[in-house]
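Chemist: model this:
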Amino acid sequence: MPYLVQKGNTIHVPAELLGGEKSSTITVEWSQRLSGRQQDYYVCNYTVKSGGESDGVIYVQTDKLDDLKAKKIDGGDYTFRIDESFQYGQNQEQTKRFLVFHNMNNWPYQHRFVEPTITALGAKGKKFVEPLDLKGLLGIDPAGDAVQGVDMVARCFVGDYLHSY
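Modeler: Numbering: from 1, shown residues only. Modelled structure (predicted):
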């Protein structure tokens, strides 16, 4: 069974991808308490540094980046310990997991993160969703037809809220 990032693990996020000049953002849209909401998130890959071998995708609410940086455990490096301030999404088979650092009063469904990664970032988004193994999980190529990709992602993640550690 693949290793899934757990509470207590440390992860590394490349600094240039997290608010730096090579960073990418997506807008997540959802409905909550009968009103439409949206929020911008940085999206980048992470690598588990302790507790197991794994990599994945992390979404960081853009106006919460300073809060995340305050949690650094290494001087100039972006290494963080996973604690209850992170949430996660995972596929139904529980073989792939992504992380979210945001205001936990926001309740978007899991697929609200993965869908815009595919559609908004196009070919660039492929490098972010590769750790989610959409081709292996869903039988689609994320670099291929984005409409088909979004539909297949929705089938895998639809209706599930983020999980808390």
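
Chemist: name the residue most distant from the centre of the protein?
Modeler: Residue distances from the centre of the chain (Cα atoms, centre = their mean) peak at residue 34, which lies 24.9 Å from the mean C-alpha position.

Chemist: helices of this structure, start to end?
Modeler: For the chain, applying DSSP state H gives helices covering 65-69, 111-129, 134-138, 146-157.

Chemist: where in this protein is pLDDT low?
Modeler: 1-2, 75-76, 120-159 (pLDDT under 70).

Chemist: just give me the longest strand of it.
Modeler: strand 35-50 (DSSP state E).

Chemist: buried sites along that one?
Modeler: For strand 35-50, the neighbour count (16 or more other Cβ atoms under 10 Å) marks 39, 41-49 as buried. For the C-beta atoms, the positions are set from N, CA and C on the backbone; glycine is no exception.

Chemist: what lines up beside it in the sheet?
Modeler: The strands beside strand 35-50 in its sheet (DSSP bridges) come out as strand 10-12 (antiparallel), strand 24-32 (antiparallel), strand 55-61 (antiparallel).

Chemist: now render those as CSV, adding distance to residue 88.
Modeler: Shown next, in CSV, are those (distance: least, Cβ to Cβ, whole Å):
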stretch, distance to residue 88
strand 10-12, 12
strand 24-32, 15
strand 55-61, 9
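
Chemist: any idea which of the ones you listed gets closest to residue 160?
Modeler: Of all the strands paired with strand 35-50, the one in closest proximity to residue 160, counting by Cβ to Cβ, is strand 24-32 (12.6 Å).

Chemist: measure how far the closest one is from the centre of its chain, please.
Modeler: 12 Å (Cα atoms, centre = their mean, to the nearest Å).

Chemist: stretch 65-72 now?
Modeler: Per Cα atoms, centre = their mean, the centroid offset for stretch 65-72 relative to its chain is 16 Å.
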